[in-house]
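**Student:** got a structure for you, letters missing:
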Ligand code: PEP
Ligand code: MG
């Protein structure tokens, strides 16, 4: 089966009725790139940069980060590489910068909140990413955005980093695209406003599900309540996608849901054609895309969005899968 799937690696991910999808990879380290290339990913849709900061005793210097980002950019050639700025906090801690003990770490000092508070740390990372943008098709993405002010504050530090590099005569791509993760319900609810500020969205369903349902994604006692097919999640996805489409910016999905073949008709029906997932999932998802159709997915949408429970949503998706695939 694996070998048969491997034959799909360099075929387009096209539905039966000709809709082209793009399957990019989520990575956390350079090591993963061999599999990304082998499985024919259309790019890196999410580069989680946390690994660069973990298992060490001090912050990584700009040059060290630059070398890593450049390596990824060069390896992917003209395919896009979306580098997400540091998403530390929550379950991921750095012992060498003193993060506070928190009652609710996932609701606390995390991700962009730390970056905006620690401009030194953030600007170093932005400079490294900007420098790497000279060597490939690099884009920047901010995690855990919940307001317009955060985007503007992050962009103003980005502008400072650009001015510094310009003054130092260091090359970078001046018009590199900047996007945000949509992973906090507030961001989904103001997606129309956010779409005016950035060039793309990537929906982080892992956090979006945890925050909209108030279900800690790490807590086993309530794992059964962590439900990506809850109607509330579906509504936030729809809001986000409609806002992006109205404003004409691309929107992709990079949470675990992107690699779940049951969700394919949902993406097609919503008009999402860009997914980013673990490199291991790409061939399996592509195989399902080849047996899917836009037409039947669109026809299913009214039924899906009138479901009152996630059991009903799962029922519709399962039935669709049996019929379509
Ligand atoms: C997400 O929240 O869906 C996501 C992709 O980010 P992470 O899993 O790294 O929090
Ligand atoms: Mg997240």
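**Tutor:** Nice, I can see it. Quantities reported herein were computed from a predicted structural model and do not represent experimental measurements. Ligands and ions are numbered 1, 2, ... in the order given.
**Student:** can you tell me the helix or strand for the spatially closest residue to residue 278 that is not a sequence neighbour?
**Tutor:** Closest residue to residue 278 in three dimensions, ignoring its sequence neighbours and counting by CB to CB, 6 or more residues apart in numbering: residue 26, at 5.7 Å. For every residue, glycine as well, the C-beta is placed using N, CA and C. Taking DSSP states H and E as the criterion, residue 26 maps to strand 20-27.
**Student:** List the strands paired with that strand, with their directions.
**Tutor:** Using DSSP bridges, the strands paired with strand 20-27 in its sheet are strand 13-14 (antiparallel), strand 43-48 (parallel), strand 274-278 (parallel).
**Student:** The residue nearest to residue 278 touches residue 46, doesn't it?
**Tutor:** Yes: with contact defined as CB atoms under 8 Å, residue 26 counts as touching residue 46 (4.3 Å).
**Student:** Need the residues touching each of the two.
**Tutor:** 254, 276 (CB atoms under 8 Å, 6 or more residues apart in numbering).
**Student:** what ranges do the strands span in the protein?
**Tutor:** Secondary structure of the chain (DSSP state E): strands at 13-14, 20-27, 43-48, 80-84, 137-142, 178-182, 200-203, 251-253, 274-278.
**Student:** For the stretch 1-150 of the chain, what lies in contact range of ligand 1?
**Tutor:** By CB under 6 Å from any ligand atom, the residues of the stretch 1-150 of the chain that approach ligand 1 are 46, 48, 87.
**Student:** repeat that for 8 Å
**Tutor:** Residues of the stretch 1-150 of the chain lying near ligand 1 by CB under 8 Å from any ligand atom: 26, 46, 48, 50, 84, 87, 90, 143.
**Student:** measure residue 255 to residue 134 for me?
**Tutor:** 30 Å (CB to CB, to the nearest Å).
**Student:** Can you list the buried residues in the worst-scoring helix or strand of the chain on mean pLDDT?
**Tutor:** None of the helices or strands of the chain scores lower by mean pLDDT, DSSP states H and E than helix 2-6, at a mean of 82. Buried residues in helix 2-6, counted by 16 or more other CB atoms under 10 Å: none are found.
**Student:** Show me what that helix is packed up against.
**Tutor:** Where contact means 3 or more CB pairs under 8 Å, 6 or more residues apart in numbering; DSSP states H and E, helix 2-6 is packed against helix 282-290.
**Student:** any low-confidence regions in the stretch 151-300 of the chain?
**Tutor:** Along the stretch 151-300 of the chain, no part satisfies pLDDT under 70.
**Student:** Where do the helices of it begin and end?
**Tutor:** For the stretch 151-300 of the chain, the helices defined by DSSP state H, counting those that start in this stretch cover 185-189, 191-194, 205-213, 231-247, 264-270, 282-290, 294-305.
**Student:** Any idea which of those helices gets closest to residue 19?
**Tutor:** Closest to residue 19 of the helices of the stretch 151-300 of the chain is helix 294-305 (CB to CB; 4.6 Å).
**Student:** Enumerate the residues of the protein near ligand 2.
**Tutor:** When proximity is defined by CB under 5 Å from the ion, the chain lies next to ligand 2 at 183, 204, 207.
**Student:** okay, those in JSON lines with neighbour count and distance to ligand 1 next?
**Tutor:** Formatted as JSON lines, these follow (neighbours: other CB atoms under 10 Å; distance: CB to the nearest ligand atom, whole Å):
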{"residue": "183", "neighbour count": "26", "distance to ligand 1": "4"}
{"residue": "204", "neighbour count": "28", "distance to ligand 1": "3"}
{"residue": "207", "neighbour count": "23", "distance to ligand 1": "3"}
